[in-house]
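> Give the three-dimensional model of this entry:
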Amino acid sequence: MSSISPTADDTRPNIHRSHKNQAMAAGFGKQTVWAGIVLACVVAASAFSIRNLPGLGIFSPMILAVLVGMVVCNLVGAPAHAKPGIAFCQRNILRYAIVLLGFQLTVTQLTSIGVSGVGIVALTLGATFCFTVWLGRTLGVDSKLAQLIAAGTSICGASAVVATNAVTSANDEDVAYAVAAVTVFGTIAMLGYPLLEPFLGFSQHQFGLWSGASIHEIAQVIGASFQVGPQSGEIGTIAKLARVTMLAPVVITLGILAARSRKSESAAKPPMPWFVVAFVGVVIINSFVTIPAEVKQVIVLLTTFMLSVGLAAMGLQTNVSAIRSRGLRPLLLALSAFIFIACFSLMLVKLAG
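Below you'll find the model as predicted:
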C-alpha cells in the first residue's frame, strides 16, 4: 500500500492545537506564579497580625514572617504548584523592597551626625565585617554563611543578609540561619543597651550614636535609643540609616571579590546587582526631591510588607533539619560578631568624646 502524506490543510488542526496548548501552558504558568505570591502574602499578613499579640511587638514583621513561613514549610509543606511564585517573591519582590528602602534615606541625614559620627559608623562596619569573616574561617564556618552573618551584623540585619545573598548565592537554609542569628542578638541588644546606659556616662547623643552604629535592625535601634530620650532616638535612627547607605558599596565589593575567586570565564565579569544601583539612585532622588510625608508613610509600610513577603517566601523553602545540621559554630560566630561590634563601637564613641 502506498502511504498518503498529509496535506497542508491536514496539518492545520495540529498547528492550532499546538498553539492552543502553548497558550494554556502559559496561562497555567501565570496561575502557578500567582499561587505562590498569594501564599507568601498571606504568611506576611499573618506576621503583621501576630505582632499585635502581647510580647511579640518587639519583633519586626519581617522576622515573624520568616518564622511563620518555616512553620508552614516544616509542618504542612508548601504546595508544589506554588513554588515558582514563592521563588519569584524571594528573588524579585525582595529586591524591589531594597530599592524602596532608599526613600528612607537622604544625604543630609548623614551630615547631621557629623564627620566623626560617619567615621565611627564606617569604621565599625568595616572592622566588624572583616572580623566576622576572619573568625568564620577560623571556626570552620562556611564562607557564604559567614559573609551573610557579617553583613547582617555590621550593616542592617535581615535586609543586608538578603542583599548580600545576591552575590554570595548561599542556600535558603544559610540565609534563614543568618537572619535568625542576627535577630536573636539584635533583640538582646535592644533590650540590654538601655539597661547599660546609667553605667556608661553617655550623653543622649553618644548613646544614640552607639546604638545606631552597633544594633542590627532599624526597628531594634529605634526601640533601644528612644528609651533613653528623644535626642538619643533621633541620633540613633540617623546613625543606623547611615549604615544602610553603606549597603551598596559592601555588596558591590563582595561581588567583585566573588568574581575574582572564580576561575571560569563566565564569572570573570563582577556582578553588579541592578537593585543596588537603583537603591543608590533612589537615595539621590530622595535627597533632592521633596516627597510628601503621607506618601513616605505609605512607602515605608509598603517596603516593610514587601520585605516581609520576600522573607516569608524564604521561610516557606527552609528546612529546619537542614538548619540544625549547620551546628552551633555559626551561632557562636554571630555571638562573637555581636560582642565585637558592641565593644568596638563603644570604644570609638568613648574616644570621640
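> Report the separation between Met306 and Gly353.
According to C-beta to C-beta, to the nearest Å, Met306 and Gly353 sit 41 Å apart. Backbone N, C-alpha and C define where each C-beta goes, glycine included.
> Which one's more surrounded, the two?
The residue with more neighbours, out of Met306 and Gly353 and counting by other C-beta atoms under 10 Å, is Met306; that gives 24 against 7.
> Please name the residues that touch that one.
Residues in contact with Met306 (C-beta atoms under 8 Å, 6 or more residues apart in numbering) are 93-94, 96-97, 100.
> So which of those residues are in strands?
Among the contacts of Met306, no member falls in strands (DSSP state E).
> CSV for these, including neighbour count, distance to Ile252 and pLDDT?
Putting the contacts of Met306 into CSV (neighbours: other C-beta atoms under 10 Å; distance: C-beta to C-beta, whole Å; pLDDT from 0 to 100) gives the following:
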residue, neighbour count, distance to Ile252, pLDDT
Ile93, 23, 22, 88
Leu94, 25, 18, 79
Tyr96, 15, 19, 89
Ala97, 23, 19, 85
Leu100, 19, 19, 88
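> low-scoring pLDDT stretches of this protein, where are they?
Along the chain, the model assigns pLDDT under 70 to residues 1-31, 261-273, 322.
> Quick check: which element contains the residue most central in space within the chain?
Geometric centre of the chain, nearest residue: Ser159, 1.8 Å, by C-alpha atoms, centre = their mean. Using DSSP states H and E, Ser159 sits in helix 157-168.
> cool, Ile238 as well?
Going by DSSP H and E, Ile238 is part of helix 230-245.
> who does the helix or strand just after that helix touch, helix- and strand-wise?
Of the helices and strands lying after helix 230-245 in sequence (DSSP H and E), the nearest is helix 247-261. On a contact count with 3 or more C-beta pairs under 8 Å, 6 or more residues apart in numbering; DSSP states H and E, helix 247-261 meets helix 157-168, helix 274-288.
> Pull out the buried positions in helix 247-261.
For helix 247-261, a neighbour-count test (16 or more other C-beta atoms under 10 Å) marks 247-248, 250-252, 254-255, 258 as buried.
> And that helix, how far out from the chain middle?
16 Å (C-alpha atoms, centre = their mean, to the nearest Å).
> same check, this time on stretch 47-55
In terms of C-alpha atoms, centre = their mean, the centre of stretch 47-55 is found 21 Å from the chain centre.
> Send me it as CSV with only the CA atoms.
C-alpha atoms of stretch 47-55 as CSV (Å, rounded to 0.1, in the frame of the first residue of the first chain):
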residue,chain,number,x,y,z
ALA,A,47,3.1,38.0,60.7
PHE,A,48,1.7,41.6,60.9
SER,A,49,-1.3,40.2,62.9
ILE,A,50,0.8,38.0,65.2
ARG,A,51,3.0,41.1,66.0
ASN,A,52,0.0,42.6,67.8
LEU,A,53,0.0,39.7,70.4
PRO,A,54,1.4,40.5,73.8
GLY,A,55,5.2,40.3,74.0
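> Going by neighbour count, list what's buried in it.
Within stretch 47-55, the residues scored as buried using 16+ other C-beta under 10 Å are 47, 51.
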